[in-house]
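Q: Build me a structure from this.
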Amino acid sequence: MRRARLYLRIYLSFIGILAVFAVLVSIGAHLHGRSHEHPRYFQGAGILAARVLPPPGTDKAELTRALEELASHFQAELALFDADRTPLAATAPGLPVPPVVMERGRFLHRSGHRSALVLALPDGRWLVARHARHGRSGWRLSWLPLVALLAVCLGVGAYPLARRITRRLERLKDRVEALGGGNLSARVKVEGRDEVADLAESFNRAAERIERLVEGERTMLASASHELRTPLARIRMATELLAGGERPELSAQIAADIAELDDLIEELLLASRLQTSERIADAEPVELLALVAEEGARTGAAVEGETVRLNGNRRLLRHLVRNLFDNARRHGGEEGVEALVEALDPREHSGAAARISVSDRGPGVPDEERENIFAPFYRPAGMREKGEGVGLGLYLVRQIARRHRGEVSCLNAECGGARFVVTLASVESADAEDVD
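A: Numbers count the residues shown, from 1 in each chain. Below you'll find the model as predicted:
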């Protein structure tokens with residue numbers, strides 16, 4: 001279930017508070033109005049009405065004229081009843097009859113009807129008064145448009161307030177996602193002087209510290225790699241001078257170790273660059289089948305498939321394919337490494353335009369290890385003792401695939417062994433400061 005947006009929750013809470021406040025005010029006003037219904041008020045009003053009206057026994061015509069004159073002053077409808085509730089005279093039909101159980105004057109409220117004022121006269125008669133109706137809509141209906149207009153005004157006025165509060169949070173969320181995506185220069189504009197502004201300032205300070213730490217790590221790694229290559233070059237030169245010595249096998253072993261260390265430094269640098277950016281630089285059209293075929297010829301792998309052209313970084317894609325072939329040859333032997341290149345319909349494969357499959361005839365990968373092998377520096381049991389690889393090859397394959405909006409997975413090959421499947425999509429070139 002999708003979570004409710006924050007600004008809607010704030011907006012609805014605000015409207016709910018206003019609604020509860022309106023109900024409480026209405027109840028208070030109603031109770032306050034009832035508090036004024038003191039018996040003395042009705043008793044005094046009845047005495048005044050009895051002095052104005054003709055005495056008991058007056059004929060109906062004269063009573064009616066007196067009621068009409070009195071009604072004209074108050075814009076009300078009046079009706080006079082005898083002590084036994086017999087109608088004596090009225091200025092309008094339909095006025096309620098005082099209940100028999102009523103002993104003194106009060107307001108008479110009936111559901112669906114206008115309220116009426118009932119007065120007990122000292123001579124035993126009853127006078128009923130009701131506000132005159134003007135047109136078809138009564139006073140109750142006349143308040144409905146005003147209440148509706150007030151509700152609309154409150155709703156319209158509360159929405160921008162709630163939206164303004166949450167819009168800054170949404171911009172902060174976008175900047176957090178940008179920072180998590182590798183844009184270390186992502187900052188958010190500080191607006192206002194409230195808690196949201198404090199949060200924005202805290203984010204900017206944290207982002208600045210993260211950028212300094214990452215830049216420091218990159219600088220240190222680059223410097224360390226550069227410093228390592230200098231003694232490596234000297235060692236390589238020394239082994240070349242010793243190539244014809246008494247122990248050629250030792251010289252060959254030293255040369256292999258140097259080559260492995262050199263490859264490790266190169267992969268460390270590439271891994272560092274890939275970690276700091278989600279995008280790649282120098283994207284260009286790449287003939288994927290031709291690239292895979294070139295690497296297959298280098299390792300003796302069988303390559304087949306169809307021509308696929310997509311935008312990507314040629315150097316990174318070559319590194320991806322080379323790592324897959326080296327991994328297959330290391331674990332599956334020199335023979336039986338096969339590669340297949342296929343074109344995909346981006347509409348049916350989440351934007352992916354190509355798929356590369358590399359299979360070997362080795363022992364395969366256990367189910368519980370198929371995700372672990374893509375972790376940096378991870379090697380299955382026994383591989384570390386044999387000194388085979390350092391655990392960065394498949395990690396780099398996944399990182400390069402993801403930079404090309406794709407993914408890599410490990411499956412079982414039909415002929416036994418492991419089958420690595422990589423999907424790739426065309427990408428646009430990033431700024432020069434991104435991975436190259």
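
Q: ranges for the strands of the stretch 251-400 of the chain?
A: Using DSSP state E, counting those that start in this stretch, the strands of the stretch 251-400 of the chain run over 284-287, 302-305, 309-312, 338-343, 354-359.

Q: Please apply the same query to the stretch 101-250 of the chain.
A: Going by DSSP E, counting those that start in this stretch, the stretch 101-250 of the chain shows strands at 106-108, 116-120, 126-131.

Q: End to end on stretch 52-69, go ahead and measure it.
A: 10 Å (C-alpha to C-alpha, to the nearest Å).

Q: thinking again about what came up before, which one, of the strands of the stretch 251-400 of the chain, ends up nearest to G180?
A: Among the strands of the stretch 251-400 of the chain, the nearest to G180 by C-beta to C-beta is strand 309-312 (23.3 Å). For the C-beta atoms, the positions are set from N, CA and C on the backbone; glycine is no exception.

Q: And for the closest one, what's in contact with it?
A: Outside strand 309-312, the residues that touch it by C-beta atoms under 8 Å, 6 or more residues apart in numbering are 280, 283-288, 353-354, 404, 424-429.

Q: Check stretch 367-377 too.
A: Residues contacting stretch 367-377 (C-beta under 8 Å, 6+ apart): 271, 365, 378, 380, 390-392, 394-395, 397-398, 408-410.

Q: which intervals of the stretch 301-436 of the chain have sub-threshold pLDDT?
A: For the stretch 301-436 of the chain, the stretches with pLDDT under 70 are 334, 381-390, 429-436.

Q: switch to 90 and redo it
A: 313, 315, 326-337, 345-352, 360-396, 399, 403, 411-418, 426-436 (pLDDT under 90).

Q: tell me which residues of stretch 253-269 are tucked away?
A: I254, A255, D262, I265, E267, L268, L269 (16 or more other C-beta atoms under 10 Å).

Q: same thing with stretch 101-115?
A: For stretch 101-115, using 16+ other C-beta under 10 Å, the buried residues are G105, R106, L108, R114.

Q: and what of stretch 335-348?
A: G336, V337, E338, A339, L340, V341, E342, A343, L344.

Q: Any chance of these in CSV with distance to R298 as columns?
A: Output for these, formatted as CSV (distance: C-beta to C-beta, whole Å):
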residue, distance to R298
G336, 16
V337, 11
E338, 15
A339, 12
L340, 18
V341, 16
E342, 22
A343, 24
L344, 26
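
Q: Would you map the helices across the protein?
A: 6-35, 39-52, 60-74, 139-180, 195-241, 248-275, 288-299, 314-332, 383-386, 393-403 (DSSP state H).

Q: mind checking which of the ones you listed is nearest H131?
A: Among the helices of the chain, helix 139-180 sits nearest to H131 (C-beta to C-beta), with 6.5 Å.

Q: Give the other helices and strands that the closest one contacts.
A: helix 6-35, helix 195-241 (3 or more C-beta pairs under 8 Å, 6 or more residues apart in numbering; DSSP states H and E).

Q: Show me the least confident stretch of the ones you listed, going by mean pLDDT.
A: If you rank the helices and strands packed on helix 139-180 by mean pLDDT, helix 6-35 sits at the bottom with a mean of 65.

Q: ok, now how distant is A132 from G333?
A: Going from A132 to G333 by C-beta to C-beta, to the nearest Å gives 106 Å.

Q: correction: L392
A: 22 Å.

Q: And these two? Which one has more around it.
A: Between L392 and G333, counting by other C-beta atoms under 10 Å, L392 is the more crowded of the two (22 against 13).

Q: Assess the claim that that one and D263 are in contact.
A: No. L392 is beyond contact range of D263, at 9.2 Å (criterion: C-beta atoms under 8 Å).

Q: E306: neighbour count?
A: 11.

Q: Just read off the phi/psi values of it.
A: phi -120, psi 160 (degrees, to the nearest 10).

Q: shouldn't it be in contact with A353?
A: No. Using C-beta under 8 Å as the test, E306 is too far from A353 to be in contact (11.8 Å).

Q: Next, show the common contact partners of these two.
A: In contact with both E306 and A353: A343, using C-beta under 8 Å, 6+ apart.

Q: about what we covered before: biggest separation within the buried residues of stretch 101-115, which pair?
A: G105 and R114 (17.3 Å).

Q: any idea how far the residue sitting furthest away from the middle of the chain lies from V422?
A: In the chain, G57 marks the outermost C-alpha relative to the chain mean, sitting 81.5 Å out by C-alpha atoms, centre = their mean. Separation of G57 from V422 (C-beta to C-beta): 112 Å.
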